[in-house]
Every structure is written in C-alpha cells, then in structure tokens.
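# Here is the input, now give the coordinates:
(3 chains)
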Amino acid sequence: MNNSMQHNQIIEELTSIWQQLQQTQPLVHCITNTVASNFVANVLLAIGASPAMIDNPLEAENFARIAAALSINTGTPNTEQTQAMFKAAQGATLAQTPWILDPVGYGTILKWRSETVDQLLTYSPRIIRGNASEIAALAGYQTTGKGVDTTLSPENVLQHAATLIQQNNQCIAISGTTDFILSQRYGVIAIQGGSSLQPKVTAMGCALGAVCAAYHAVTDDSTLAAIAAHAQFAYAAQQAEQTSTALGRFQITFLDALSQFRPEYFTEVQFNQH
Amino acid sequence: MNNSMQHNQIIEELTSIWQQLQQTQPLVHCITNTVASNFVANVLLAIGASPAMIDNPLEAENFARIAAALSINTGTPNTEQTQAMFKAAQGATLAQTPWILDPVGYGTILKWRSETVDQLLTYSPRIIRGNASEIAALAGYQTTGKGVDTTLSPENVLQHAATLIQQNNQCIAISGTTDFILSQRYGVIAIQGGSSLQPKVTAMGCALGAVCAAYHAVTDDSTLAAIAAHAQFAYAAQQAEQTSTALGRFQITFLDALSQFRPEYFTEVQFNQH
Amino acid sequence: MNNSMQHNQIIEELTSIWQQLQQTQPLVHCITNTVASNFVANVLLAIGASPAMIDNPLEAENFARIAAALSINTGTPNTEQTQAMFKAAQGATLAQTPWILDPVGYGTILKWRSETVDQLLTYSPRIIRGNASEIAALAGYQTTGKGVDTTLSPENVLQHAATLIQQNNQCIAISGTTDFILSQRYGVIAIQGGSSLQPKVTAMGCALGAVCAAYHAVTDDSTLAAIAAHAQFAYAAQQAEQTSTALGRFQITFLDALSQFRPEYFTEVQFNQH
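Residues are numbered from 1 along each chain as shown, chains lettered A, B, ... in the order given. Sure, this is the predicted structure:
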C-alpha cells in the first residue's frame, strides 16, 4: 500500500481473520492432486484449518454445501475426480460456499484439463490462483508453456489478468518471485518476500490455493483472504530459507513456520499497492 | 490394568509381539486414501513391517489371501478402490487374514462411504479403529459430525461401542486424548499419553489403523495388537512433542521415535483397565 | 571400472550430464503410484529436474511427446492410469522420448500388473529399473516373491538379466545392497555405497527410476544415465545415514544431500566394471 493508513487497516483485518481462523478451524473441502494431497492437508492443519479431501462425485456436492470453503486443483485429474469437481463447484454455488480454483496446467498441451477449467469457470470461483502462464492463458494470451512450469513473468500478465475479474468480490492471484493479487476493490497488490526455493518443493502452489480457501472461510473479502494466504506463505518461506537452503529441511521448516505463525508477523511482509 | 500382575503380563506379551514383528517383517496389505498412503507406508516401515498398497479390484482379493494382515481405510474412496475393498475383505475372510477397518467419515454427510462401511462390516473386521464420532455412529448413535473431525468425547461412546463387539476376538479402538480399546476379553483399556499435536498431522489415525494390522499379523489376539499399536504411537508422539511442537519437526521426530522404539518403552506408557 | 582411464572418462561424462541437467531442468513426465508421487516430485526437483505427473489417458500421449523423458512405474495401477501408461509409452516411442520402466510387483501374485508390464515392454523402454526379484521374473526366472519385496540377491539374477538387453543402448538396473547396471556397451557395472536404510523409506526405488529418466533427458546413453542416477542416490543415502539412522531425519537429510550434490561427489562413489 502506498497509503500507510490503508496498510495499517489491512494489517488489522489480516490479524482479525487470522484470529477467526484459529477460533473456528474452518472445514476446507479440497479436491486436489495425488502429488499434493498430503502436503496440502498438513499445510491446512499447520495454519489452523480442518482439511477434508472429498473427491468422488457421489459425495462432493453435498460436502461442498456444508464445508466452510472449497478448493479445486486440476493437477492430476481423472474421470471420476473431474466429475467430483463439477459436483463440488455446483454444491458450492448453491450453498454460497466460497471456492477457489487452481487451474494447474491451463493453456498447455494438456487440453482436457483446460476444457475442464473452462467449464469450472462458469461456476464463478471467488479466487483464481495460478502461476503467470496459467493466468495469462486464462486471459486469452497465447502461452508457449510446455508443461506446468512458469515461463512468463507475473508483470507481463497483469494487464491481461485484469480482464478476468468480473465481479467486485472476485480476485486473481499470480504466484512468482513477487506475488500479485488483483481485484476491483484493491487494484494490484504486490507481495514481496518468500523464497526462491519455493518452486523447488512440490505442491507449494497447490497448498497456497487451499490456504486461500481457508482464509475465505472466515471473510467475505476474497482479496483479503488471498493477501492473508500469500503473506503467511511469504513469511514462512523466508523463515525457512534462513534456517536451511537444503530442500528437505526447507520443507520441514516451512511447515514449522506456518504452525508457529503469529498475526504480528503480517507486519514483516512487504506489500505494495500499485 | 488395576492388577499389577496382569499389567506385567500384558507388557510381556507386547514385548513378545514387538520382537516377532521385527523378525517376520509382516507383509501388510493396505487399501488407504491418497492423502495418507506415503505416510502410512513410511510408518509401517518405521515399525518394522512391509507395506504393500494394492488397491485395484483385479489384484486386491489374491493379495489379501497371501498378506499377513489387511488394513482398509475409507478416506478417499472412488469406484474402483471401493470394489478393491470388497474384494480384499472377501479374500481376507476366505484366507483368515486378520483385517482391520478404519471407517473414515462414517456417520457424516458422506453417505456413500457409510454404505460402503456397512457392507464391509459384513466381512467381520477383527479391529475397528476410528475416532469417537465414527464409532458412535457405527453403534447407532446420531452424530452431528460435519466432516471427518471428532465432535464426541471417547468417554461418551464407550457404552455404545460395547454393543459393536460381537465376537470374543473382536476389538474396537477409539482414538482421542485418551485412547480406549474395547473387547470382551479385556473390557475397556484406556491408554494415556500421546500428544495433543497428533490431530494436527494428517494421516496419523490412518497410520495407526495400519499399525494395528501389522501387529495383528503376529498375534491372534486383536486386543493385544491394538494395544501394541496405540501404545507405540502414544510413546512416539510423546517423544516427538518433547523435541518440537512445531508441526514439521514433530512429524519427522515422530517417525524417528517409531523407528527407534524398543520394547522396554512399553512400560513407559500408562494404560488402565476399567 | 578396473581401468582407471575408463573410470576417469565416466566421471567426466557424469559431470557433464549433471551440469546439463542443472542447465536444462528437463521436464520429466512421470506416471507413478499414489504412495510415491509426492516424494518422486520432490526428488526430481532436488536434483534439478522439472517433474510433471500426467497420468490420465486423455493427456498422457501428447505429454510424453513433448516431455524430455518419461518414467512409468506400476506401483498402484488402476484402469485409467494403466491406459495412460500405454498412451504415454506410445507417445514416447513416436517422439523418441527416452523412457524408463519400473515394473513394481512384476512376477508376484499381482498378475494384472505383470500383464501390463509385458505389454509395456513392447514399447522398448531404454532402461528397466527394479529390484532383483522383478528383474529375475522379467528374465523368466521363477520367483517366490510374495509381494513387492526383494527376495533374491542381485548377483543371482545377473546372468538372467543379461538376456533382457536387446539393443545396444538399452540398460537394466538392479537395486540392492550393491546396485548392478547392465548394458551391452559397458557390461556389468557395480555401484557400492548407499545405505541399508534405503529400503526402510518408501518410494526410494520409485524415485530412483524417475531420476534415471531425468538423466536420460540429457544424454542418449542409457547406461550413463542409470549410472548417474544410482551414483547420486548412493552418495546421498550415505550422507544421510551419517547424519541420522532415525528414519524421519534420514529421509529429510537424503533430500538435503540430493539438493546439495556437486558433480565432484561422483568421484566418492565406488563403482567397478565386471
């Protein structure tokens, strides 16, 4: 924020939703990939939420109706899980459960999941979280992404991404060296910090998506939820990197830092409004 | 045990089955959820068993016939895995392979898996292991459980749970701050210890179910198997908590403590017969 | 190598492909089991590669065409994933993507996956990596393997394995206390080192297969790729064991050592040509 009062206000609101998350331990319904599921569940527990991985079509709709928030990630879809995604998105829409979408692999050669994502978008996720390539592709930009890696800088896709925001309470979050969070309400917020080691631990982005959902369970403000999630991740990754740059210990220390997070650490994360 | 001779006798039997587990490294057939599978396998290896995750219907029955024990967990069922559960339960029954059931989510809004569990119960698992909500629901008690969390205290469900025990060698294990193990042979055994951090690491309960199966591979006494598993977990969790309350290190130290377990540590776990 | 010049030459080539792997961060397409997927992805990231777990039949063929290498592991197959294996092997063949096969459970009571493996072999994997039982069974030796454990010593199966090598650039890798790498070009290469704790951490072998694929992405020489992968694993496991024999920390330190590997460490691994 360039306005220090606004910044203080944001910190106050982040502190407030962090406390509410601890008190309510919201039930976060996750449909995620097989690579990420264990890490995502442990990350959600570490920040104080209650994860539930319900990814079959016979249960997903009902569960999304009673969950406090829903996170859908298209990392390793199969036929049944994809049906569950649609059911869950439908249940979330009917019950007004806030839900976030992490369109892993969108815009690459992986056409099936891109079509799945296109259909999921019709259920209006409150937050779309991805890397620059995925968000650029969603905005119609032709990417050359071979796989699931980031090949575009977040800065390149900011103007494209803005076109994706259709509702006032919707939000786009782009992960990278600097994270960018876009919304009509706050414009572009840039979050510094984090660690260059984050892309070297699998499922970091997937877990971040689920944490956005966890925070959205305790606030109606999608942007605030996304800021809280990204700021807590940036802080924890910075802490972890200071302890170890070796990847095994980095991952463990990251979980430690998430679980030992205190709301006053939000002030240590640098974020600026553009 | 209020009777010290009995207590000594139990410790002796626990020591004996622990040694047998180290010597035979029993092959434990697991059908478990995608969140837990890596952790469950590592826990089984840490205690000295040989895990094998065989969860497709074309292989599950044959494998359950040759395995030393079987553990079925309904955490993230899909159509094929559910068919594998039935096949495996059938194979285990035919070959008299001891098998345990961990009815994750039973009695919640997750109706499909509850029906699956009801069908699996007809194959007479030797141990049913769950949290208080799940066991209460199995005993016909109306729960308000929204998800997979525990909302009932184990004490509340003890009388209900007793009705579930139909055979002399059957056993119900209820996890919580105090674990309760119920059987006709021993009545109610309460195991103290463990750590309040256990519910903050995903798949802890799922792994405990698989460890019950591993111990059941080396004894016919279901209750003894359940006591050994719960006691070793309680000890390891206590050790881990003394090293670190940060969740990343807690999880790693828990695995360390399981792998460094010695049978004399059974004496350090407090258990009482009610 | 008994010939020191040859040994020096191998070290030079290993150094060269290690450097190329760091520079190109090759995209490794993995179809692996649910137990291993998280660990495999983290191991690939730790050695400098880019993992992508694409295991559905609607995407696997196209992805195998653009990936730098493909790794197929039959640990927990289901119908859809098995179809993806065939599609991916086909795509790899058409695009000449080097691919490796890890036939988990071959030759055991698990007939369905053995048949799957037989079919996959028709697509000519460049490297087949397994334990002694699996490789022996592939060579037509009758095994008594009950499950997925090794019951044969690698030495026993060397002569059998040699019959499997059909092409000059093909390679068989057998994991054990000593690893053996067989090819027409180099004959039998024995790699010492590693740690007796490796079989006590799940998915170690699965990750090794994927690392073979990663190295194969930067060299046409299958044997060199397999040597690099096995040597780096042997070194990292040795380092990890020196830090801790407790299984939680061993696993984390192993990842640390992989991520801190330097090409000069190849000289510390003992390998001999037979």
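
# Can you tell me which residues in the stretch 151-274 of chain A are near chain B?
By CB under 8 Å from any CB of the partner chain, the residues of the stretch 151-274 of chain A that approach chain B are A:251-260. Backbone N, C-alpha and C define where each C-beta goes, glycine included.

# By neighbour count, which of those wins?
Greatest neighbour count in those, by other CB atoms under 10 Å in any protein chain shown, goes to A:F254: 29 neighbours.

# Which strands or helices does the helix or strand in which that one is found pack on?
Secondary structure assignment for A:F254, by DSSP states H and E: helix A:247-259. With contacts taken as 3 or more CB pairs under 8 Å, 6 or more residues apart in numbering or on different chains; DSSP states H and E, helix A:247-259 sits against helix A:37-47, helix A:222-243, helix B:247-259, helix C:37-47, helix C:247-259.

# Tabulate those in a markdown table, adding columns for mean pLDDT and distance to C:E241.
Formatted as a markdown table, the helices and strands packed on helix A:247-259 follow (pLDDT from 0 to 100; distance: least, CB to CB, whole Å):
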| stretch | mean pLDDT | distance to C:E241 |
| --- | --- | --- |
| helix A:37-47 | 98 | 25 |
| helix A:222-243 | 97 | 22 |
| helix B:247-259 | 98 | 13 |
| helix C:37-47 | 98 | 17 |
| helix C:247-259 | 98 | 7 |
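
# Serialize those to a markdown table and add fields for distance to A:I109.
Formatted as a markdown table, the helices and strands packed on helix A:247-259 follow (distance: least, CB to CB, whole Å):
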| stretch | distance to A:I109 |
| --- | --- |
| helix A:37-47 | 24 |
| helix A:222-243 | 28 |
| helix B:247-259 | 35 |
| helix C:37-47 | 19 |
| helix C:247-259 | 29 |
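
# Tell me which of those sits nearest to A:T97.
Among those, the nearest to A:T97 by CB to CB is helix A:222-243 (13.0 Å).

# got the CA coordinates for that closest one in PDB?
Output of helix A:222-243 as PDB, limited to C-alpha atoms (Å, rounded to 0.1, in the frame of the first residue of the first chain):
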ATOM      1  CA  SER A 222     -11.700 -12.600  -1.500                       C
ATOM      2  CA  THR A 223      -8.800 -10.200  -1.800                       C
ATOM      3  CA  LEU A 224      -8.200 -10.100   1.900                       C
ATOM      4  CA  ALA A 225      -8.300 -13.900   2.000                       C
ATOM      5  CA  ALA A 226      -5.700 -14.100  -0.800                       C
ATOM      6  CA  ILE A 227      -3.500 -11.500   0.800                       C
ATOM      7  CA  ALA A 228      -3.500 -13.300   4.100                       C
ATOM      8  CA  ALA A 229      -2.600 -16.600   2.500                       C
ATOM      9  CA  HIS A 230       0.200 -15.200   0.300                       C
ATOM     10  CA  ALA A 231       1.600 -13.100   3.100                       C
ATOM     11  CA  GLN A 232       1.700 -16.100   5.600                       C
ATOM     12  CA  PHE A 233       3.400 -18.200   2.900                       C
ATOM     13  CA  ALA A 234       5.900 -15.500   2.100                       C
ATOM     14  CA  TYR A 235       6.800 -15.100   5.700                       C
ATOM     15  CA  ALA A 236       7.100 -18.800   6.400                       C
ATOM     16  CA  ALA A 237       9.200 -19.400   3.300                       C
ATOM     17  CA  GLN A 238      11.500 -16.600   4.300                       C
ATOM     18  CA  GLN A 239      11.900 -18.000   7.700                       C
ATOM     19  CA  ALA A 240      12.500 -21.500   6.300                       C
ATOM     20  CA  GLU A 241      15.200 -20.300   3.900                       C
ATOM     21  CA  GLN A 242      17.000 -18.600   6.800                       C
ATOM     22  CA  THR A 243      17.200 -21.900   8.600                       C
END
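
# need the residues of the stretch 1-150 of chain A near chain C, please.
Proximity of the stretch 1-150 of chain A to chain C is confined to A:33-36, A:38-39, A:75-79, A:109-113, A:146-149 under the rule CB under 8 Å from any CB.

# out of everything not next to it in sequence, what's closest to A:L94?
Among residues not flanking A:L94 along the chain, A:R65 sits closest, at 6.5 Å (CB to CB, 6 or more residues apart in numbering or on different chains).

# pLDDT of the helix or strand hosting that neighbour, averaged?
With secondary structure defined by DSSP H and E, A:R65 is part of helix A:60-66. Regarding helix A:60-66, the rounded mean pLDDT is 98.

# immediately after that helix, which helix or strand?
Using DSSP H and E, the helix or strand that follows helix A:60-66 towards the C-terminus is strand A:69-73.

# residue closest to the middle of chain A?
A:G209 (2.3 Å; CA atoms, centre = their mean).

# Tell me how far the host helix or strand of that one lies from the chain's centre.
Taking DSSP H and E as the definition, one finds A:G209 inside helix A:204-216. Distance, stretch centre to chain centre, for helix A:204-216: 4 Å (CA atoms, centre = their mean, to the nearest Å).

# same check, this time on stretch A:237-247
Distance, centroid of stretch A:237-247 to centroid of chain: 21 Å (CA atoms, centre = their mean).

# which residues sit against it?
With contact meaning CB atoms under 8 Å, 6 or more residues apart in numbering or on different chains, stretch A:237-247 is reached by A:193-198, A:200-201, A:249-251, A:253-254, A:256-257, C:42, C:45-46, C:255-260.

# So which bits of it are buried?
A:237-241, A:244-247 (16 or more other CB atoms under 10 Å in any protein chain shown).

# For the stretch 51-200 of chain A, which segments are assigned as helices?
Here the stretch 51-200 of chain A has its helices, by DSSP state H, counting those that start in this stretch, at A:60-66, A:79-95, A:111-121, A:132-138, A:154-162.

# most packed of those?
Mean neighbour count, computed with mean count of other CB atoms under 10 Å in any protein chain shown, is highest for helix A:132-138 among the helices of the stretch 51-200 of chain A, reaching a mean of 27.

# name the helices or strands packed onto that one?
Judged by 3+ CB pairs under 8 Å, 6+ apart, helix A:132-138 is in contact with helix A:111-121, strand A:127-131, helix A:154-162, strand A:171-175.

# before we move on, back to that, angle of the helix holding A:G209 against helix A:37-47?
If you take axes from the mean of the first three to the mean of the last three CA atoms, to 10 degrees, helix A:204-216 sits at 40 degrees to helix A:37-47.

# now check helix A:204-216, is it near chain C?
No. Helix A:204-216 lies out of reach of chain C by CB under 8 Å from any CB, never closer than 10.1 Å.

# For that helix, list every residue counted as buried.
Within helix A:204-216, the residues scored as buried using 16+ other CB under 10 Å are A:204-216.

# what's the closest of those to C:G187?
Relative to C:G187, the closest of the buried residues of helix A:204-216 is A:M204; by CB to CB it sits at 43.1 Å.

# Identify the residues contacting the closest one.
A:M204 makes contacts with A:198, A:233, as judged by CB under 8 Å, 6+ apart.

# quick one: it from A:L258, how far?
Computed as CB to CB, to the nearest Å, the A:M204 to A:L258 distance reads 11 Å.

# which residues do the two both contact?
When contacts are counted by CB under 8 Å, 6+ apart, A:M204 and A:L258 have A:F233 as shared neighbours.

# can you tell me which residues contact whichever residue of the stretch 51-200 of chain A sits closest to chain C?
Here the stretch 51-200 of chain A gets closest to chain C at one residue, A:W112, 4.1 Å apart by CB to the nearest CB. By CB under 8 Å, 6+ apart, the contact set of A:W112 is A:77, C:56, C:58-59.

# In those, which residue is surrounded by the most others?
Neighbour counts for these, by other CB under 10 Å, peak at A:P77, which reaches 27 neighbours.

# give me every residue that touches it.
A:P77 touches A:33, A:85, A:112-113, A:116, C:56, counting by CB under 8 Å, 6+ apart.

# Distance of it relative to B:R249?
Taking CB to CB, one finds A:P77 at 34 Å from B:R249.

# same thing with A:Y141?
Distance of A:Y141 to B:R249, given as CB to CB: 42 Å.

# Then A:T223?
A:T223 is 33 Å from B:R249, by CB to CB.
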